[in-house]
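>>> Sequence plus the predicted model coming up.
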Amino acid sequence: MKIKKFKSDIKDKVAGVTETISDLKEGGREKFFNYVNNLSDIIPIIATTGYRLKGVDIEVSLPPGISMQFSKVENISKEKIDEIMEANKDNELLRSIVKSLLMADEFHNKIKMGNLQLSTITVNLTLPPKVSIKFA
């Protein structure tokens with residue numbers, strides 16, 4: 001039963017990222033440039049959810065891609081994150097990134113890697129979208 005719920009939660013969370021990536025693919029270069037240029041506006045908002053941007057890689061390919069590395073620096077309550085998401089309900093890129101970070105953090109909390117700690121969460125806005133977790 002828990003596995004079905006976990007799979008369902010992952011599907012829901014990935015759906016937003018997939019929609020953003022589909023927009024990038026359909027909108028071409030101009031839409032991609034808009035996404036990249038809007039990153040500087042949303043990074044401070046993402047920081048209020050407890051994640052700090054460590055770096056951004058931009059893939060100049062077909063389709064183009066954006067890869068962002070984050071570290072978790074603070075535990076923020078679900079209620080506060082819900083408030084942030086509601087206040088930014090029209091910003092699909094922000095919502096997709098935050099959903100991906102939350103999904104990765106939830107996954108991280110369910111697995112044990114001995115003495116290794118969560119080091120980096122990478123969100124790849126590519127087709128298909130990918131989220132990876134690095135332990136150190």
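Perfect, I can see it now. Numbering: from 1, shown residues only.
>>> and the residue most central in space within the chain, how far is that from G55?
Relative to the mean C-alpha position of the chain, the nearest C-alpha, by Cα atoms, centre = their mean, is the one of I97, at 2.8 Å. Using Cβ to Cβ, to the nearest Å, one gets 14 Å for the distance from I97 to G55. Where C-beta positions appear, they are placed from N, C-alpha and C, glycine not excepted.
>>> okay, and the common contacts of those two?
Shared contacts of I97 and G55 (Cβ atoms under 8 Å, 6 or more residues apart in numbering): M68.
>>> Looks to me like the residue nearest to the centre of the chain is in a helix.
Yes: assigned with DSSP: H, G, I helix; E, B strand; the rest coil, I97 falls within a helix.
>>> Quick one: residues contacting it.
Contacts of I97 (Cβ under 8 Å, 6+ apart): 17, 42, 46, 68, 123, 125.
>>> For the closest residue in space to Y51 that isn't next to it in sequence, give its distance to S119.
The shortest distance from Y51 to any non-neighbouring residue, by Cβ to Cβ, 6 or more residues apart in numbering, is to F70 (4.4 Å). According to Cβ to Cβ, F70 and S119 sit 10 Å apart.
>>> Could you pull out the buried residues of stretch 59-68?
Buried residues in stretch 59-68, counted by 16 or more other Cβ atoms under 10 Å: 63-68.
>>> for the record, mean pLDDT for that stretch?
Taken as a whole, stretch 59-68 has a mean pLDDT of 78.
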